[in-house]
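# just coords:
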């Protein structure tokens, strides 16, 4: 059998065959008998169109491993091409090693096919259950930035990334091509993208299909790559791609060698990338019953959808499957013959065994510095000692940057907001990554910097996902309002984590932590578009076992929170913290106790008498804490006989019933804080709806009067923004008084006074353009 | 005064001066006196860095209007460059025409400056309150696709679009450059992008700043544009940009002329685009106290932040402002001198008076076809007459496409999911837009097609926003799970709409309606990543006056809902509808009554006895309706003496208290449906948390037992997916029985029976890979 005369090499022929089997057959998977209806799966699921192209890439990468011992991690953008990936994993024996039931024989293949798309089996797309995989590829757009994340600080790694031409249309992918400008060839590995151009999406041509070779070449040169176009529609053999990959590998090695040689590295390393033009659904019937299939979008999913009922289609399917000549590819027991397995690397060199795809096993916990030297003392008294929470945190993060200078396994990604968010102290310990030349003025750039700033939340998130999933650590500080740019990436990543936890062989990876700063309440200067706390709402729709929301009220609680989260695995967390100078409420030990509890009574701020207070003033978030304490102070002074408790909530999910969230407080602790019948005025940093939904299931949630951001905003002063949303200290006190009125006859009159005062303040700030001094200079008098 | 020897032409000099004034001064705005501290605003807000570049573009566009009578709409990506836009609006007199208090004299300028960034004044960014503006530009990334949307079907319009080099890094912008491949030069207008390359973001160089002219040229040629680089860092006069704009205009006109001439249009029209290289913060001091300002990121916001307290900075500010020689630009009363105003078009030709920026005034309501011919009859009985809701809708939409063939003011945008979502009937009335050549097989493409399919939800949304805001109509069908890709665009657009409603001179534009199909419950084949109903949760965080969520349970209710929403203005709506064949529950008249009510009792499905039922089974969404009715049927058969009401909810926000949402039911109607104490088992299409938060404020929300998607999913069968989330008919019946147990001793035993049956079914489907016939063939027996 010669591949020159008989089509693709046996390995790839076998992979295409198996991918087709996985979509169609539950019996007779070796086609030892004529194909009959009862051999078919009852429901045909899976996507054929992209599979042959993925198999081409996999086979060519295998050759690279065999011939050059490359250390390849494969990120497959079109996750619906899972049948192809499974085919390769089965052929190379990875599946058999992970689960003996999927052995490299006919029984194993039958079992694999039965599991593919079956309940409790493998999903139709890639998933955490697939060895060698760290990307699901269901929602398109994020493969390329994820691949870059996995390549960072792994100098020996080659991350191959298949980008479908559908995926290439997405904005996140279009932006991610620039990521090569951040990749240091000396300290990081390489990304080798394959733009798989098969011309069609679900039912239309792709944008890239309309582009000429000249346009494609221009585009990728413009992005800074060195594109190589491999067109297997005209030359369907394997060698052109194999040679292009080898060639690309040589170019990569040359760039790396120069960068690592100590001589001046290239200022604009033009990394190779490959455009693979192939027929969509290559190998499927060209036409059946007048419908064109191979090379059109009709091959996208299951090309012969009526195969159960239409004998013509059944015969076409059989002819298609037999065109791979399975009898040449497998022995009597269904074991792939040596000519086939000769195409596979063995043992740990197999792509499916890439350790970085199960990065939890590579992960080394961070050597976190002690907090005490960074904590803010309460020397000037509680509610004084002004400190900017993110600035305090930055000093601690700087030390982490220093401690990881050798290990290189901690990075910060941010959409150019590091300095704006007052975290730029870390630049004393590392630079901002930039390998491309900057001719003009710049500060703190370095080729191997571990701060990554690009004005693309999508790229930031992709980088961090790839970095964490391959066993490292990181942090994503970003403007609160614009975190929603990556809502859908968070959705998909949280799903990945949830499923990962159900795969026995996967080790958990570091938690992904967003540090939301420049919070809406202090975006009064940037205005309404910068005021949006909804990222929390999105996060808490995800499985509670993989999510957390933290609102540390001061610098020390922020330190304690970050110490916990940078040591944690398996979750997506949001931390909201201010960047402006703010009062300190808790000493470090108090902060530890408070964070451990999730929420606690601040006795020093309460003035309770008797068993149960008449009212609880609760707060979650930095600004709400200030306003709540100011309200408590007002009430203590003006209504000294009222019994009022102040509760601060740092772990928002502690509010949820314990059977709904792992951080949820047990009922008795919840009752101890909030009683069972006591009215609670709860000032929340975000949308009140987030709290309303968490409280569902707690006793009498209707007694919780939640204040928060209710979408009233513009460019104004901080106090005016609070008042517009009913969350100023005066509004809180006023709301409290409504619930104290039954026992305190003075309450209504006092409430009127607060309302009038608030209105006076708002009128005054309209004249002056600034908040009144009584607001800006307010200090806690405990 | 000669502009050759004295710097920029007077018009642009005046614009730069005014932009600087808006950021800094509240008095002495004409600098008639030496600058003193008390002339400064108490808080200095605004962004200088991008302003001079925007002024260059505005001035060059003005020249184009003056010399060629171009009909220009300006979309300004960097919305923080609002001071520049205000400066031009004041100079051209648009501000004065909209509000006489902002007259073109010293008093008007002082008032404008006082309002800029003041409470109740103009926000720091662009906003609906700014004439000539349809884009806020606070969250970066969406200017370019929005510009394209505004150019569609407006053959005489030239949409100039400033894209900052920060914004250019975003994925959505990177993807939107491909939009020119969808723009028909015959029937649509043109987009002229200005990539404003001033080199810096907030504190880093931009990615584009690291690119050479050759890379830039390659990149944009690759995208299909004809780029022209204008570098005013070396040639700071105005003429190079003016000439480039004139040149670009000639190229645009040539493309349009050819396309409209009846001869063969160019297969790859290379539209011109301009790369404008300028100094960031051009005109600001080069260096003050050792800090470099002009041409660096230090000029991004307020370049001299300590001007209140630092006399050196105050002097530097004065010198900067005086460098524009205001005494030459304004007369004694502060009126711009004729040499300045000579640069402005007049009357309706002014850019600020562009009617498309206030598209509500151009909007003509759609001539909607009557529904009756499209409605599904209940001839086979209620719960029969299977019809695919989206397929039924598609026929009606097709007629709208036909009726707008001449007007060309209705479009459908979709990420290549039209056919997949069974809406492809509309392709009988129009094509898929594609102006670039497709050499291979394709279906239904046409240059002037009004269906726009690109695998980028971002581009789809931008197109639709621009199209609606400029006075047209449209629809956005998309996969439910991936709608969250545009969460943040929705956030910003909802904010835009909310603020627009507060601007007296703005007319409302057509509502933006998402048709979410391929809903998660029927994504059992694509798996977990395709199961995500959280778009609703995000939408309902926005102001209730601009949002709506509709879950029509069948084809007729879908028709009625869409008829309402395609006639509505000023909102963002989500409609969830299935694409698979499903039972019909309501005739057209019933559907009208049901939709008008928002939610109503389905008496034919209830079996009530007495005043109040013992239990309400409520449902919202197509699949929940089926499961709820099946549960009701089970209970009626097995527990015939229980009194159970069935309520269907089509308008989700009807659940909210009337003072929280305009669609909220009055209390009495709510009580009439749900009682005050009756347990309610509510099966919701999405996350239960969405319902929990809406119910807050209703009597005893804890009696609502909401079932819905709780993030349990994979590739499995539809029934298994329902059962995994506790929303199968058996789970619903079981939950109902828990609340009937007190009065019905048989309930617990019956519940055990249902649970066991569910578990048997799940075991069975694991064997067969298919849902059992009793599920797939279930029919309502009323």
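Arrived safely. Keep in mind that what you see is a predicted model, and the values were worked out from it rather than measured.

# Could you list the low-pLDDT ranges of chain A?
Within chain A, the ranges that satisfy pLDDT under 70 run A:1-8, A:782.

# Tell me, domain by domain, which residues of it belong where.
Taking automatic domain parsing as the criterion, chain A consists of the domains A:3-353, A:598-776.

# Am I right that residue A:779 is in contact with residue A:385?
No. Look at residue A:779 against residue A:385 with C-beta atoms under 8 Å: they stay out of range, at 10.8 Å. All C-beta spots, glycine's among them, are computed from the backbone N, C-alpha and C.

# Could you check which of those two has the larger neighbour count?
More crowded of residue A:779 and residue A:385, by other C-beta atoms under 10 Å in any protein chain shown: residue A:385, with 20 against 13.

# Give me the three-state assignment for that one.
Taken by DSSP: H, G, I helix; E, B strand; the rest coil, the conformation at residue A:385 corresponds to coil.

# hey, what's in contact with both of residue A:779 and residue A:385?
With contacts defined as C-beta atoms under 8 Å, 6 or more residues apart in numbering or on different chains, the residues shared by residue A:779 and residue A:385 are residue A:583.

# Just give the nearest non-adjacent residue to whichever residue of the stretch 251-400 of chain A sits closest to chain B, would you?
Nearest residue of the stretch 251-400 of chain A to chain B (C-beta to the nearest C-beta) works out as residue A:296 at 4.5 Å. In space, and not counting its chain neighbours, residue A:296 is closest to residue B:441: 4.5 Å by C-beta to C-beta, 6 or more residues apart in numbering or on different chains.

# before we move on, back to that, wait, what's in contact with the residue of the stretch 251-400 of chain A closest to chain B?
With C-beta under 8 Å, 6+ apart, residue A:296 has these contacts: A:200, A:280, A:281, B:440, B:441.

# Which single one of these is nearest to residue B:288?
Closest approach to residue B:288 among those (C-beta to C-beta): residue A:200, at 57.7 Å.

# re the thing from before, closest to residue B:335 out of the contacts of residue A:296?
For the contacts of residue A:296, with residue B:335 as the reference and C-beta to C-beta as the criterion, the closest is residue A:200, at 61.5 Å.

# The closest one against residue A:293, yeah?
No. If you go by C-beta under 8 Å, residue A:200 and residue A:293 don't touch, sitting 11.4 Å apart.

# For residue B:304, state which of the contacts of residue A:296 is nearest.
Within the contacts of residue A:296, proximity to residue B:304 (C-beta to C-beta) peaks at residue A:200, which comes in at 56.1 Å.

# Report the separation between that closest one and chain B.
Between residue A:200 and chain B the distance, using C-beta to the nearest C-beta, to the nearest Å, works out to 8 Å.

# Any buried residues in stretch A:489-507, and which?
Residues of stretch A:489-507 classed as buried under the neighbour-count rule (16 or more other C-beta atoms under 10 Å in any protein chain shown) are A:489-501, A:506.

# What about those, which are in helices?
Using DSSP state H, the members of the buried residues of stretch A:489-507 that fall in helices are A:489, A:490, A:491, A:492, A:493, A:494, A:495, A:496, A:497, A:498, A:499, A:500.

# Do a quick rundown of the strands in the stretch 251-400 of chain A.
A:272-277, A:287-288, A:291-292 (DSSP state E, counting those that start in this stretch).

# Out of the buried residues of stretch A:489-507, the closest to residue A:38 would be?
The nearest member of the buried residues of stretch A:489-507 to residue A:38, counting by C-beta to C-beta, is residue A:499 at 32.3 Å.

# Tell me which residues touch residue A:157, please.
Residue A:157 sits next to A:71, A:73, A:150, A:151, A:189, A:190, A:356 when contact means C-beta under 8 Å, 6+ apart.

# still on that earlier bit, got the phi/psi numbers for the residue of the stretch 251-400 of chain A closest to chain B?
In this entry, residue A:296 is assigned phi and psi values of phi -130, psi 170 (degrees, to the nearest 10).

# so can I have TSV of the strands of the stretch 251-400 of chain A showing distance to chain B?
Rendered in TSV, the data for those read as follows (distance: least, C-beta to the nearest C-beta, whole Å):
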stretch	distance to chain B
strand A:272-277	11
strand A:287-288	10
strand A:291-292	6
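
# Check these for me and report the most buried one.
Highest mean neighbour count among the strands of the stretch 251-400 of chain A (mean count of other C-beta atoms under 10 Å in any protein chain shown): strand A:272-277, with a mean of 24.

# Give me the contact list for it.
A:53, A:56-57, A:192-198, A:216, A:220, A:225-233, A:241, A:244-245, A:247-248, A:251-252.

# same thing but at 6 Å, please
If you take C-beta atoms under 6 Å, 6 or more residues apart in numbering or on different chains as the criterion, strand A:272-277 is touched by A:193-197, A:216, A:220, A:225-231, A:233, A:244, A:248, A:251.

# Partner strands of it, with direction?
When pairs are called by DSSP bridges, strand A:272-277 turns out to pair with strand A:190-197 (parallel), strand A:226-231 (parallel).

# winner for burial among those strands?
Taking mean count of other C-beta under 10 Å as the contact definition, the stretch among the strands paired with strand A:272-277 with the greatest mean neighbour count is strand A:190-197, which reaches a mean of 28.

# for the buried residues of stretch A:489-507, which one is nearest residue A:366?
The shortest separation between residue A:366 and any of the buried residues of stretch A:489-507 is 19.0 Å, and it belongs to residue A:497 (by C-beta to C-beta).

# Pull up the residues of the stretch 101-250 of chain A that are close to chain B.
Taking C-beta under 6 Å from any C-beta of the partner chain, the part of the stretch 101-250 of chain A that reaches chain B is made up of A:117-119, A:123-125, A:136, A:138-139, A:166, A:169-172, A:174-175, A:178, A:199, A:201-205, A:207, A:210, A:215, A:218-219, A:221-222.

# Out of those residues, which sit inside helices?
Among those, the members falling in helices are A:171, A:172, A:174, A:175, A:215, A:218, A:219, A:221, A:222 (criterion: DSSP H).

# The first one contacts residue B:173, correct?
Okay, so that is residue A:171. No. Using C-beta atoms under 6 Å, residue A:171 and residue B:173 do not qualify as a contacting pair, with a distance of 7.3 Å.

# What residue in the stretch 1-150 of chain A comes nearest to chain B?
residue A:138 (2.8 Å).

# Excluding chain neighbours, give the residue nearest to that residue in space.
Computed as C-beta to C-beta, 6+ apart, the closest residue to residue A:138 that is not its neighbour in sequence is residue B:529, at 2.8 Å.

# Test my guess that that neighbour contacts residue A:137.
No. Applying C-beta under 6 Å, one finds residue B:529 not in contact with residue A:137, separated by 8.2 Å.

# what about residue A:699, distance to residue A:688?
As for residue A:699, its distance to residue A:688 is 19 Å (criterion: C-beta to C-beta, to the nearest Å).

# higher neighbour count, those two?
Between residue A:699 and residue A:688, counting by other C-beta under 10 Å, residue A:688 is the more crowded of the two (23 against 15).

# okay, now residue A:549: neighbour count?
Taking other C-beta under 10 Å as the criterion, the count of residues near residue A:549 is 30.

# Any chance of the backbone angles for it?
When quoted as degrees, to the nearest 10, the phi and psi of residue A:549 stand at phi -130, psi 120.

# Give me the neighbour count for the closest residue to it other than its chain neighbours.
Once flanking residues are discounted, residue A:549 sits nearest to residue A:652: 4.0 Å by C-beta to C-beta, 6+ apart. Using other C-beta under 10 Å, residue A:652 is surrounded by 28 other residues.

# And the helices in the stretch 251-400 of chain A?
When assigned using DSSP state H, counting those that start in this stretch, the helices of the stretch 251-400 of chain A occupy the ranges A:311-322, A:326-329, A:338-341, A:389-403.

# by how many degrees do the helix or strand following the longest one and helix A:389-403 diverge?
On the C-terminal side of helix A:389-403, the closest following helix or strand by DSSP states H and E is strand A:410-414. With axes from the mean of the first three to the mean of the last three C-alpha atoms, to 10 degrees as the basis, strand A:410-414 and helix A:389-403 are set at 140 degrees to each other.

# who does the helix or strand hosting residue A:158 pair up with?
Secondary structure assignment for residue A:158, by DSSP H and E: strand A:157-164. Applying DSSP bridges, strand A:157-164 is found paired with strand A:71-76 (parallel), strand A:190-197 (parallel).
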